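[1] what would the 3D arrangement of this be:
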Amino acid sequence: MQNGGDAPAAVDTAKPTTPEEITKQSFRVKVWRHLESNGLAMFPRPVYNRIPNFKGAPEAAAKLAELDVFKNADTVKVNPDKPQESVRVFALEQQKTLYVPVPRLQTGFLNRLELPEGETGPAAIRKAVSRNGMETYGKPVGIEESGVSLDLVVMGSVAVSKEGYRIGKGKGYGDLEFGLMMHMKAIKPSTVVVTTVHDSQVFDTLPAELFGPHDVPIDIIITPTQVIETQRMSQRPTGILWHLLSSRRLALMPVLGQLRDTDMLSGRACPLKEVDTDVEERAQQARQRRLRRRTRSHKSQSEGEGGNTTEGENAKGDGKPRRVNRRRNSHKSASKDKDGTEPATPSKPRRKQKPRQEIDFSVKISNISPSTRVRDLKQALTERGVKPQAMIWKGFRGYCYLHFFKAGPQKGEGDTAAAGSIDQVIAQLQEMSVGGDSADEKPRLLSVEPAPPRAPRDQPVDQPAD
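    Model prediction:
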């Protein structure tokens, strides 16, 4: 989006337009809408409320990899979002030290990606830079760790300008990560900050009044077609600005609380924002808007029902809108007519809820490769004649649960009877291997053991989709 921030799509001048409030969110929505409506958005979709993945993201990463600033960098920090996945691939292929932040900073700060010894092929690298792989192969790095020195920082963006202003998805994670790295002294004056975006995410200018001292400026913008060295109109943050954060934000991100405790012990004042107007306030406002819409719809339904009265009934009204309890009135109309007599047709009885089947026994299968798909395991189970009534899939964590229901009159009784006993099922699953589809991965021998005959509380008893 070039030319002073105007959207690239043609504007219909025949239709009157309402002036839009100029905020960071208005620019985000403009970019998200443009990417979605013009076929430029890629998985995961929709791109709203995300760092958007875009067509040409691998090409932008390849253009970055050709720059000296990337070739000469020994240590690189890259955000964990999908559009920068190819940047992470190039970093590992060129054997750079790669750091990625913990998503949402909820369980830590940085992870240093290290491939297992002997696994250096393209498939292993692709697996390591994926969302699950960054957790599996990441070595935690705390804010107290010294010796981290970054040559290059790659950030995801929703919108950027040639002046170096950057707009993220609105949660503040990128700016907080940068402030934490400043605290670690990992950011040097020579550290270069770049971003990879689609050409339509680049504006000539963005309003300077929208940006504050916590916003991280961009040095270089890389698109699939161009490299833009920005004018850098603002200074980098010097660290965490506590007065912009609420106590709730610290509760959500323990690493911030840890840093604040350290700063306060050293005698530094770290006052927090008294009024909780943190970046998540927009989500609260959205919930309030949805609630108001539901309230309005209920009112319109009540008024519509109230309008179906006779003139005499309207005359008795006191001018206040009638409040109609639809559920209560439906029962009354079902039980009696207006003259008080019983209706000719009885009300339809409620359908009885199907009783939940009781689990007879459960089996836990572990040592599952993170790359294994649920359908691969289902096929292996079918080949061994084992058909569980429900499965709780946690393959990305290396395990899953199989549940077998007690025999009963419900549908599927034949399947339940065919399940056999827990000893029989475990015997059928002995020495079962799954995986090994790629040349770099060997089939894994799965571990099978009895499990408590109940589903985990946080998971429904359900058959997962592929």
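
[2] average pLDDT for stretch 212-220?
    For stretch 212-220, mean pLDDT is 95.

[3] buried ones in that stretch?
    Neighbour counts over stretch 212-220 (16 or more other CB atoms under 10 Å) mark 214-220 as buried. Every C-beta, even on glycine, is put in place using the N, C-alpha and C of the backbone.

[4] doesn't M134 fall inside a helix?
    Yes: if the criterion is DSSP: H, G, I helix; E, B strand; the rest coil, then M134 is within a helix.

[5] picking that back up, now, which of the buried residues of stretch 212-220 sits nearest G239?
    Nearest to G239 among the buried residues of stretch 212-220: H214, at 9.8 Å, using CB to CB.

[6] surely the closest one meets E177?
    No: contact criterion CB atoms under 8 Å: H214 and E177 do not qualify, at 11.6 Å.

[7] related to what we said a few turns ago, out of the buried residues of stretch 212-220, which is nearest to H243?
    Closest to H243, out of all of those and judged by CB to CB, is H214, at 10.1 Å.

[8] reformat the buried residues of stretch 212-220 as a markdown table; add secondary structure and distance to F43.
    Output for these, formatted as a markdown table (DSSP: H, G, I helix; E, B strand; the rest coil; distance: CB to CB, whole Å):
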| residue | secondary structure | distance to F43 |
| --- | --- | --- |
| H214 | coil | 31 |
| D215 | coil | 28 |
| V216 | coil | 27 |
| P217 | coil | 30 |
| I218 | coil | 25 |
| D219 | coil | 29 |
| I220 | strand | 26 |
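
[9] so how many other residues sit close to the residue nearest to F396 when sequence neighbours are not counted?
    Excluding the flanking residues, the one nearest F396 by CB to CB, 6 or more residues apart in numbering is N132, at 4.6 Å. As a burial measure, N132 scores 14 neighbours (other CB atoms under 10 Å).

[10] quick one: N132 from S369, how far?
    Going from N132 to S369 by CB to CB, to the nearest Å gives 11 Å.

[11] same question, V363
    Note on V363: its distance to S369, by CB to CB, is 19 Å.

[12] now M432
    From M432 to S369 the distance is 13 Å (CB to CB).

[13] so what's the residue nearest to T223 when sequence neighbours are not counted up against?
    Using CB to CB, 6+ apart and skipping the chain neighbours, the partner closest in space to T223 is D199 (4.6 Å). Residues in contact with D199, defined by CB atoms under 8 Å, 6 or more residues apart in numbering, are 2, 223-226.

[14] farthest-separated two in those?
    Taking CB to CB, no two of the contacts of D199 sit farther apart than Q2 and P224, at 14.5 Å.

[15] of the two, which one has the most company?
    Taking other CB under 10 Å, Q2 and P224 do not tie; P224 has more neighbours (18 against 14).

[16] right, and the more buried one touches L40 too?
    No: using CB under 8 Å, P224 is not in contact with L40, being 10.5 Å away.

[17] which residues do the two both contact?
    With CB under 8 Å, 6+ apart, P224 and L40 have common neighbours 55, 198.

[18] follow-up on the earlier one: quick one, phi/psi of the residue nearest to T223?
    phi -60, psi -30 (degrees, to the nearest 10).

[19] quick one: the strands in the stretch 251-400 of the chain, in order.
    Shown for the stretch 251-400 of the chain, the strands assigned by DSSP state E, counting those that start in this stretch span residues 359-366, 390-394, 399-405.

[20] out of those, which is the most enclosed?
    strand 399-405 (a mean of 22; mean count of other CB atoms under 10 Å).

[21] next one: that strand to chain centre, how far?
    Taking CA atoms, centre = their mean, to the nearest Å, one finds the center of strand 399-405 at 27 Å from the center of the full chain.

[22] I'd like to know which elements it is packed against.
    If contacts are counted by 3 or more CB pairs under 8 Å, 6 or more residues apart in numbering; DSSP states H and E, strand 399-405 sits against strand 359-366, helix 374-383, strand 390-394, helix 413-419, helix 422-428.

[23] for L402, find the nearest of these.
    The minimum distance between L402 and those falls on strand 359-366, with 4.5 Å, by CB to CB.

[24] returning to what we had before: the helices and strands packed on strand 399-405: lowest mean pLDDT?
    Ranked by mean pLDDT, those bottom out at helix 413-419, with a mean of 41.

[25] could you chop this structure up by domain?
    Taking automatic domain parsing as the criterion, the chain consists of the domains 57-239, 244-278, 359-451.

[26] can you redo these as a markdown table with distance to K352?
    Formatted as a markdown table, those follow (distance: least, CB to CB, whole Å):
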| stretch | distance to K352 |
| --- | --- |
| domain 57-239 | 42 |
| domain 244-278 | 43 |
| domain 359-451 | 13 |
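
[27] what's the most buried one of the ones you listed?
    domain 57-239 (a mean of 19).

[28] okay, how far is it across that one, tip to tip?
    Start-to-end span of domain 57-239 (CA to CA, to the nearest Å) is 30 Å.

[29] what do you get for stretch 224-233?
    End-to-end for stretch 224-233, by CA to CA: 24 Å.

[30] Q226 and D199, how far apart?
    7 Å.
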